[in-house]
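Asks: Sequence first, then the predicted structure:
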Amino acid sequence: MQKFLRRILIAIAVVIVLLGGALAWLNGQVQRETVTPLQTLNEGGTAGRALAVLSPGMSDFPNDVMTAFNGGLAESGWRIDHTTASTQATTAIGDYDLIVLVSPIYGSRVAPPLQEYVARVGDFGGKRVVAVITAGGDPDESVTNTEQLVAAHNGTVEEIIGYAVYQPNDPENRYEGSNTERAVAMAHDAAVELAGRLQ
């Protein structure tokens, strides 16, 4: 009996160690910042100038959504400078007409690297800010937290757009393809619509 109990305790200890290691790895991935140089899309754009800052997260989904959103702005005549949220990302936002923040949601909040980037900016000076958030499930519950983050740093919330991986992104309309494919198409269209409103 003691031998059996000892084996059970060892098995439980191994599971706890493995679970702790997995959680530590996951936390490291969520906290990790990615450094990329500032790149420009549609350098000759004259409709406006946007700075898009991405916290990539653990999947390609946020990057795909940002790429589509930036593409919609570029097609509408905007110049977009884009980078990732890191200590290397520019906080000199004076020349921009629009700030676009893109991030996955963890615990109902944007990823820590984007939170830290916003803190480094400090004061958006009333500039228009669009946040594009991605989540596994319903991103709507994170909208209020994102609005509060932008408002706390003196940004004017132009729009907060949320897209999901595991639930329909356009529930009123039937669509073919995956939820993520639909989200990418919707992000492009949302940018075109926004650019039209900002003219």
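Replies: Looks like it came in fine.

Asks: does the most centrally placed residue in the chain have beta-bridge partners, and which?
Replies: When C-alpha atoms, centre = their mean is applied to the chain, the residue found nearest the centroid is residue 103 (1.2 Å). Residue 103 has these beta-bridge partners by DSSP bridges: residue 133.

Asks: list the contacts for it?
Replies: Contacts for residue 103 (C-beta atoms under 8 Å, 6 or more residues apart in numbering) come out as 54, 55, 57, 62, 85, 110, 111, 114, 131, 132, 133, 134. (Glycine included, C-beta is placed from N, CA and C.)

Asks: So, low pLDDT: which residues of the chain?
Replies: Residue ranges of the chain with pLDDT under 70: 1, 4-5, 8-11, 13-32, 35, 58.

Asks: Show me how the record splits it into domains.
Replies: Here the domain parsing of the chain from automatic domain parsing is 1-31, 39-198.

Asks: Out of these, which is the most enclosed?
Replies: domain 39-198 (a mean of 18; mean count of other C-beta atoms under 10 Å).

Asks: Residue 87 is in what secondary structure piece?
Replies: Counting by DSSP states H and E, no helix or strand carries residue 87.

Asks: Not counting sequence-adjacent ones, nearest residue to it?
Replies: residue 33 (7.0 Å; C-beta to C-beta, 6 or more residues apart in numbering).

Asks: Work out for me the element that neighbour sits within.
Replies: Here residue 33 is assigned to no helix or strand, by DSSP H and E.

Asks: Could you count how many residues lie near it?
Replies: 18 (other C-beta atoms under 10 Å).

Asks: Pretty sure it sits against residue 83.
Replies: No: when contacts are counted by C-beta atoms under 8 Å, residue 33 is not listed as touching residue 83 (11.2 Å).

Asks: how about the strands of this structure, start to end?
Replies: Using DSSP state E, the strands of the chain run over 39-41, 48-54, 78-84, 98-106, 109-110, 128-135, 156-164.

Asks: can you pull the contacts of residue 94?
Replies: Contacts of residue 94 by C-beta under 8 Å, 6+ apart are residue 125.

Asks: for residue 111, same thing?
Replies: Here residue 111 is in contact with 30, 55, 57, 85, 103, 104, 105 (C-beta under 8 Å, 6+ apart).

Asks: and the fourth one, what does it touch?
Replies: If I follow you right, that is residue 85. Residue 85 neighbours (C-beta under 8 Å, 6+ apart): 33, 34, 53, 54, 55, 103, 111, 113, 114, 116, 117.

Asks: Next one: residue 41 from residue 170, what distance?
Replies: 26 Å (C-beta to C-beta, to the nearest Å).

Asks: Cool, thanks, talk later.
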